[in-house]
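Visitor: When you get a sec, could you give me coordinates for this:
(2 chains)
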Amino acid sequence: MIKNISNLGDAALYCDFGKEVNREINSKVIRYFKTIQNKKILGVNNLTPSYNKLIISFDLKKINFNKLKKIIDNIEIINDDSIQNKKFEIPVCCEKDFSLDIKRLEEKLQMKEEKIYESFFEKEFFCYMTGFIAGMPFLGDLGENLSAKRLDTPRVRVPKGSIGITEQFANIYSFESPGGWNIIGNTPVNIFNSSKENEPNLINPGDLVKFIRITKEKYQNYHE
Amino acid sequence: MSKNYFKIIRAGINSTFQDLGRSNLYHVGIPFSGAMDNRNYLLANKLTRNNHNYPVIEFAYQGPHLKYFGDKLNVAITGDVTFIIKKGDNSIDGACYQSFILENNDELDIISTNKSVYGYLAISGKFDLKFQWSSCSTNTKANIGSNKGEKLTDNQKINIKEINQNFVNKKLNYINTKIENIRVIKGTNFNYFSEEGKKIFFKNDFKVSKLSDRMGMRLEGKKIENIVDTNIRSEGLIKGVIQVPSDGNPIIMFSDHGTIGGYPKIGVVISADYDKLVQLTPGSIIKFQEVDLDAAEKLFNLYDLETQNLISQI
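Guide: Got it, this is the predicted structure:
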């Protein structure tokens, strides 16, 4: 049972799994997400799992908050250990034109550029969720030393392929988009493919990702 | 080869194909999309005797200028829109909420929306479009939907695959009203803001900025001070959520919004006010007014009844 459910506006349930971010809590969120998804509840038109929250949106013409909450309150999760986790290596170029916020980060973190990259590239990341824009993976966890806040005012345009970091997380901008993360590089890999309707995302929750630093030459000559 | 088609002489500022949008894809990062102003979308389809979920052309500010080639076609425009129909040397001023017939070589010039943002053009029949995840809705940010996920461009063709041969003219007496008071339910991070900040949110005026589009609306006003944290753990968003980043200016999520966000949510616009909100042009002044969940549900039922009532009048 989900202990803490409130309303987000008049057409969504906000299920709160606590403040902490770790793989255990995230796995619980994902299990609820899959269970509710499989139930195909009339009126539910979207589910958004994240680190430690699950938002259930619904069509106010078909159901309302109190009725849906009663249904969700009575749902038991199935333990599904059969989820396969894939591993990916994502090449990243950190040349000046791509590392839009590296100077800002040097100041924010009081660290030299090389140290920031060294610390970033040695990590193996876990995918907690996907979204914001189609296919964008939210990856963790960066070390404490790289924890930086978002930009004060989000950029109107972040280039496609940008690698951003904030707090203990990294992400990949699958499209040009507005966004507030600190940009440190760019990947030539296409991480979203809309022609694959069943699985448009390259990286999915539970997958593992390692970033590999490449030169500008390699970036320009990259073929999938 | 389609024998009935439009040739686009001028595409307009942001003309896209839209329908009711696509659901159950937030978890991969794909928003609903779909027509911004749902009521005017539904009315356009009813005026052309279509099913309620048929694709239409949505335009913003300046609409498309089209030349039509083919058999007689019934069309209708909804919103608050100035347009002309050119038949040979004759130029006729068009009227919204009234279906009319286009014949071979006629031109339809949608000049602009008046003191509003979006308008809708429906044809009695079906455009020849590609659907993705059961919707034609074009999401230009992710290049999803018909027209390769792009907005319409000058000189391209729009093919029509099916024409409804029933030429009964339909008309509705309806005037779009504007709202200044946007009703909201407190957001999940309402208490992140100072007492003064909360007061500003509900008492002060906010101006719609130029940085507004199908993704969202940025507002300008007195800074809303955050006393807890200007970031939250990224989590799901829905249409109508009002986020306040650290610069203190609210941003409201619209149909093509990002599915996940990390700025505190001060409030959520109620479903009943969404259609009217999206129509506010840059420079418009709005005020937020608090309502509770119960009131929001009642207001939505009323709004929906009103929409159904309008549809049944056609």
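Visitor: Tell me which stretches of the stretch 201-314 of chain B form strands.
Guide: Using DSSP state E, counting those that start in this stretch, the strands of the stretch 201-314 of chain B run over B:206-212, B:216-220, B:235-236, B:241-243, B:251-253, B:260-261, B:265-269, B:285-290.
Visitor: and the ones you listed as CSV, adding mean pLDDT, mean neighbour count and distance to chain A?
Guide: No exception for glycine: its C-beta is placed from N, CA and C like everyone else's. As requested, these are exported to CSV (pLDDT from 0 to 100; neighbours: other C-beta atoms under 10 Å in any protein chain shown; distance: least, C-beta to the nearest C-beta, whole Å):
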stretch, mean pLDDT, mean neighbour count, distance to chain A
strand B:206-212, 96, 17, 7
strand B:216-220, 97, 23, 8
strand B:235-236, 96, 26, 3
strand B:241-243, 98, 25, 7
strand B:251-253, 98, 25, 8
strand B:260-261, 92, 25, 4
strand B:265-269, 98, 26, 3
strand B:285-290, 98, 16, 13
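Visitor: Apart from its chain neighbours, what residue comes closest to B:E196?
Guide: Of all residues not flanking B:E196 in the chain, B:E225 sits nearest, at 6.2 Å (C-beta to C-beta, 6 or more residues apart in numbering or on different chains).
Visitor: got it, and A:N85?
Guide: Nearest non-adjacent residue to A:N85, counting by C-beta to C-beta, 6+ apart: A:G206, 4.7 Å away.
Visitor: which residues touch the one you found?
Guide: For A:G206, the contact set (C-beta atoms under 8 Å, 6 or more residues apart in numbering or on different chains) comprises A:27, A:30, A:83, A:85, A:126-127.
Visitor: Also B:I111?
Guide: When contacts are counted by C-beta under 8 Å, 6+ apart, B:I111 touches B:62-63, B:82-84.
Visitor: Can I get the strands of the stretch 201-314 of chain B in JSON lines including distance to A:N52?
Guide: Converted to JSON lines, these look like this (distance: least, C-beta to C-beta, whole Å):
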{"stretch": "strand B:206-212", "distance to A:N52": "31"}
{"stretch": "strand B:216-220", "distance to A:N52": "24"}
{"stretch": "strand B:235-236", "distance to A:N52": "8"}
{"stretch": "strand B:241-243", "distance to A:N52": "18"}
{"stretch": "strand B:251-253", "distance to A:N52": "21"}
{"stretch": "strand B:260-261", "distance to A:N52": "13"}
{"stretch": "strand B:265-269", "distance to A:N52": "15"}
{"stretch": "strand B:285-290", "distance to A:N52": "27"}
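Visitor: Out of these, flag the one nearest A:I165.
Guide: The minimum distance between A:I165 and those falls on strand B:260-261, with 15.8 Å, by C-beta to C-beta.
Visitor: Could you give the separation of that closest one from the chain centroid?
Guide: Relative to its chain's centre, strand B:260-261 lies at 21 Å (C-alpha atoms, centre = their mean, to the nearest Å).
Visitor: Following element in sequence after the worst-scoring helix or strand of chain A on mean pLDDT, please.
Guide: Lowest on mean pLDDT, DSSP states H and E among the helices and strands of chain A sits strand A:177-179, with a mean of 87. Next helix or strand after strand A:177-179 toward the C-terminus (DSSP states H and E): strand A:182-186.
Visitor: What is that next one packed up against?
Guide: strand A:87-93, helix A:102-109, helix A:113-121, strand A:162-166 (3 or more C-beta pairs under 8 Å, 6 or more residues apart in numbering or on different chains; DSSP states H and E).
Visitor: Could I get the average pLDDT for the third one?
Guide: The average of the pLDDT scores along helix A:113-121 is 96.
Visitor: Next, the buried residues of it.
Guide: A:116-117, A:120 (16 or more other C-beta atoms under 10 Å in any protein chain shown).
Visitor: tell me the average confidence for the helix or strand just after it?
Guide: As assigned by DSSP H and E, the chain's next helix or strand after helix A:113-121 is strand A:124-130. Averaging pLDDT along strand A:124-130 yields 95.
Visitor: at contact distance from chain B, anything in strand A:124-130?
Guide: Yes: counting by C-beta under 8 Å from any C-beta of the partner chain, chain B has neighbours in strand A:124-130: A:129-130.
Visitor: Mind putting the buried residues of helix A:113-121 into CSV with distance to A:K39?
Guide: CSV is the format used below for the buried residues of helix A:113-121 (distance: C-beta to C-beta, whole Å):
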residue, distance to A:K39
A:I116, 45
A:Y117, 45
A:F120, 40
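Visitor: backbone phi and psi for the residue nearest to A:L151 when sequence neighbours are not counted, please?
Guide: Closest residue to A:L151 apart from its sequence neighbours, by C-beta to C-beta, 6+ apart: A:G180 at 4.6 Å. Dihedral pair for A:G180: phi -120, psi 10, per degrees, to the nearest 10.
Visitor: Next up, the contacts around A:G180.
Guide: Shown in contact with A:G180 (C-beta under 8 Å, 6+ apart): A:150-151, A:153-155, A:166, B:245, B:262-263.
Visitor: pLDDT score assigned to the residue lying closest to A:V92 once chain neighbours are set aside?
Guide: Once flanking residues are discounted, A:V92 sits nearest to A:G185: 4.3 Å by C-beta to C-beta, 6+ apart. On pLDDT, A:G185 comes in at 98.
Visitor: what do you get for A:Q84?
Guide: Note for A:Q84: predicted pLDDT of 67.
Visitor: cool, B:D71 as well?
Guide: Per-residue confidence (pLDDT) for B:D71: 96.
Visitor: okay, now the closest residue in space to A:D73 that isn't next to it in sequence: neighbour count?
Guide: Nearest non-adjacent residue to A:D73, counting by C-beta to C-beta, 6+ apart: A:M1, 6.4 Å away. A:M1 has 10 neighbours, counted by other C-beta atoms under 10 Å in any protein chain shown.
Visitor: okay, and for chain B, where does confidence drop off?
Guide: Applying pLDDT under 70 to chain B flags residues B:1-2.
Visitor: okay, now the domains of the chain?
Guide: I went with chain A, as the question did not name one. If you go by automatic domain parsing, the domain ranges for chain A are A:4-73, A:87-220.
Visitor: oops, I was thinking of chain B
Guide: Domains of chain B are assigned by automatic domain parsing as B:4-163, B:181-313.
Visitor: and the stretch 101-250 of chain B, which residues reach chain A?
Guide: Close to chain A, as judged by C-beta under 8 Å from any C-beta, the stretch 101-250 of chain B has residues B:132-133, B:141-144, B:149, B:185, B:187-188, B:211, B:215, B:230-231, B:233-238, B:240-241, B:245-247.
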